[in-house]
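Q: Let's see this in three dimensions:
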Amino acid sequence: MARCRWALWLTTALLATLSAAVVAQDTGPAPQSRAFVQDGLPTAIQTIDGAWEQGEGYLEGKGASSLAQRLLGDCSLGAGDFTITARLALLGLAHSAAAFVIGDNGYFGFAGGHGKMFITGPLYGDAQGTPVGEPTDFMTDGEPFDFRVARSGDMLSISIDGRPVYEHQVGSEAVGAFGFVPYRATMRLYELSATGNLEPYKAPTVPRPEVSNIELDPRVEEMPSLPLGPFVRLADGAIMGVDDRDALISRDEGQTWERRPIFTEEQKLRIRPERALLRTRSGTIILAFINQADYRYSWDRERNLPLPDMRLPSYAIRSVDEGQTWTDLTLLTDGWCGCLQSIIQTSNGNLVIPGQELLYEEGRHVTMPYVSTDEGSSWQRTRYLDIGGQGDHAGAIEGTVVELKDGRLWLLMRSAHGHFYESYSSDQGLTWSDQAPSAIESTSAPGKIKRLDSGRLALFWNPIPSEGYRTREELCLILSEDEGESWTAPQLVATNKGNRLSYIYVFERAPGELWITTMQGGLRAVLKESDYAADDG
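A: The predicted model follows:
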């Protein structure tokens, strides 16, 4: 009898052991927890391509328009469930493309180039910048928020301040390193921690530099030392550009750059990437910009109309001492201006900026040229150039202007109709003809027209895509010897397959040598006019 009881006990114990082993096998390793940033102090982080500076209770990283610039937790996420929590703030949220990154290239973006929160990468079903929400529904520029990413089983969920943003089936396998990319924003990270199957850190494979995805035409040479344009040449030979609050000065033809403040600490002003810069013939520097610090996007999707508090004002400011000091800050529009990207000085000395304004009751944008007859001390509005439509990107927008040899000004405006719209001024920008379709076909993206030192007109733009390419993937150049009556065949500058390559700045560093930089795609390159003029297509 005792022997039977012993056998029964042994059998029970063996079954219990086997059952425990099965449970352990099913549940996997016990979850671990780790803090990587705590009270703004780094405890276990890895950084790639960019220093993060210690602030008062946060780590701060300033975006350099590079997907390689990352702050990551010092571990990798293995298979199974996990939870990542962070507290952060974004300064320059709108169109920043700042993102949470997981693995090599799985991005959840807080505000992409199209103004929406977005997803990109194989983790999200091979999405390519797919919009998933309105940033302003979840975040406010400069204000901290709580961010949470969790996987339970094979479902990934993302929330901001406890509110669900996105959910997707992703599987349960290991996903790698994780962290944040500031891209075009200034990011402040207060907390970062994770719970789950935390494995040793394995560095992700990142694009170095971002333009590695861009295929340059053989006639084009990469120039990664360039910041985003526009640029002007100063009297002493230095080259000036700008970023969000500073003038950038290069004394070695674009290899290195020093900073010079434009605004005082008290001025609540930040310059968006869409801006215009000019040095007049008498030496006055004019900067036209949109104030990112006053950004408020607010659109009623059901009515397809802007709400009254939608706001993004535009300004002009000038310097008469080569960018040492800046004065005469002038408000151009107090409503919403989506883009400023062109300015010229006409033959009689007028300054002309193709501005953009929002018609709140109609729900569309119009082009509004602004003119200064006193080198930027004051500005006057001219007239609306309105092509109709309704929507947050509808209307005539993002104009570019040039003076023709007969004295007329020629303005080309982006539209969603498959071509640029155009308008002419015969009095140096004071009045404008009614807008009309131009003969130049284009995607819904801005172009940049420029008078070159040779006398030719150059137009950089995104033409109607060829087969196999999507909107804005091809950046092309055409040249005209006869004031736009005829053009060379479109010639390729670069492609960015699967991504955009647009919002172009062109600077003629020396006669026939053009610096090309783009806001979307991050192109930084140089080409020679002669290489394109010699090719008639």
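Q: For burial, what's the neighbour tally of residue 463?
A: 19 (other CB atoms under 10 Å). Any C-beta I mention is one placed from the backbone N, CA and C, and that applies to glycine too.
Q: Against residue 443, how distant is it?
A: The gap separating residue 463 from residue 443 is 7 Å, by CB to CB, to the nearest Å.
Q: One more: residue 200?
A: In terms of CB to CB, residue 200 sits 46 Å off from residue 443.
Q: before we move on, what about residue 273?
A: 19 Å.
Q: ok, back up a step: residue 200 and residue 443: which is more packed in?
A: Neighbour tally, residue 200 and residue 443, criterion other CB under 10 Å: the higher count belongs to residue 443, 22 against 8.
Q: quick one, what contacts that one?
A: Counting by CB atoms under 8 Å, 6 or more residues apart in numbering, residue 443 touches 462, 463, 464, 465, 471, 472.
Q: rerun at 6 Å
A: 462, 471, 472 (CB atoms under 6 Å, 6 or more residues apart in numbering).
Q: do residue 135 as well
A: Contacts of residue 135 (CB under 6 Å, 6+ apart): 93, 110, 111, 117.
Q: Ok, residue 444 next?
A: The contact partners of residue 444, by CB under 6 Å, 6+ apart, come to residue 416.
Q: Backbone dihedrals for it, both of them.
A: phi -80, psi 80 (degrees, to the nearest 10).
Q: any idea how far it is from residue 76?
A: Distance from residue 444 to residue 76, by CB to CB: 40 Å.
Q: And for residue 172?
A: Taken as CB to CB, the span from residue 172 to residue 76 is 15 Å.
Q: same thing with residue 120?
A: 20 Å.
Q: what's the answer for residue 236, then?
A: 51 Å.
Q: of these two, who's got more company?
A: Legend: neighbour count by other CB under 10 Å for residue 236 and residue 76, higher for residue 76 (20 against 8).
Q: Wait, the more buried one touches residue 202, no?
A: Yes. Contact criterion CB atoms under 6 Å: residue 76 and residue 202 qualify, at 4.8 Å.
Q: Run a quick neighbour tally on residue 117.
A: The number of residues packed near residue 117 is 24, by other CB under 10 Å.
Q: Likewise for residue 172?
A: By other CB under 10 Å, 15 other residues sit near residue 172.
Q: Can you classify it by secondary structure?
A: coil (DSSP: H, G, I helix; E, B strand; the rest coil).
Q: List phi and psi for it.
A: phi -120, psi 10.
Q: Let me know the pLDDT of it.
A: pLDDT, residue 172: 91.
Q: close enough to count as contact, it and residue 152?
A: No. Using CB under 6 Å, residue 172 is not in contact with residue 152, being 9.5 Å away.
Q: For residue 90, give the beta-bridge partners.
A: Per DSSP bridges, the residues bridged to residue 90 are residue 187.
Q: List the contacts of it.
A: Here residue 90 is in contact with 98, 110, 185, 187 (criterion: CB under 6 Å, 6+ apart).
Q: For ChimeraX, write the select line for the buried members of the residues you listed.
A: Selection of buried members from the contacts of residue 90 for ChimeraX, criterion 16 or more other CB atoms under 10 Å:
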select :98,110,185,187
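Q: With respect to residue 353, which of the contacts of residue 90 is nearest?
A: Nearest to residue 353 among the contacts of residue 90: residue 185, at 26.2 Å, using CB to CB.
Q: I figured that closest one was touching residue 97, is that so?
A: No. With contacts counted by CB under 6 Å, residue 185 stays clear of residue 97, the gap being 7.9 Å.
Q: And the strands in the stretch 1-150 of the chain?
A: 32-38, 41-42, 45-48, 53-54, 59-62, 70-73, 76-91, 99-102, 106-109, 117-121, 127-133, 145-152 (DSSP state E, counting those that start in this stretch).
Q: Of those strands, give the one that comes closest to residue 362.
A: Closest among those, using CB to CB: strand 127-133, at 23.7 Å.
Q: Need the contacts of residue 135 in JSON lines (columns: distance to residue 489 and pLDDT).
A: Listed next are the contacts of residue 135 as JSON lines, based on distance: CB to CB, whole Å; pLDDT from 0 to 100:
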{"residue": "93", "distance to residue 489": "41", "pLDDT": "89"}
{"residue": "110", "distance to residue 489": "41", "pLDDT": "96"}
{"residue": "111", "distance to residue 489": "37", "pLDDT": "92"}
{"residue": "117", "distance to residue 489": "40", "pLDDT": "93"}
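Q: First-to-last residue distance for stretch 249-256?
A: Stretch 249-256 has an end-to-end distance of 8 Å (criterion: CA to CA, to the nearest Å).
Q: Pull the contacting residues for the residue nearest to residue 129 when sequence neighbours are not counted.
A: The shortest distance from residue 129 to any non-neighbouring residue, by CB to CB, 6 or more residues apart in numbering, is to residue 118 (4.9 Å). By CB under 6 Å, 6+ apart, residue 118 lies in contact with 109, 112, 129, 130, 131.
Q: for residue 78, same thing?
A: By CB under 6 Å, 6+ apart, the residues touching residue 78 are 174, 197, 199.
Q: what's the answer for residue 490, then?
A: Residues near residue 490 by CB under 6 Å, 6+ apart: 463, 476, 478.
Q: and which of the residues you listed is nearest residue 518?
A: residue 476 (12.5 Å).
Q: what's the spacing between that closest one and residue 500?
A: 14 Å.
Q: quick one: residue 58 from residue 91, how far?
A: 11 Å.
Q: swap in residue 79?
A: From residue 79 over to residue 91 (counting by CB to CB), the distance is 36 Å.
Q: got it, and residue 33?
A: Per CB to CB, residue 33 is found 30 Å from residue 91.
Q: Brilliant, that's me finished.
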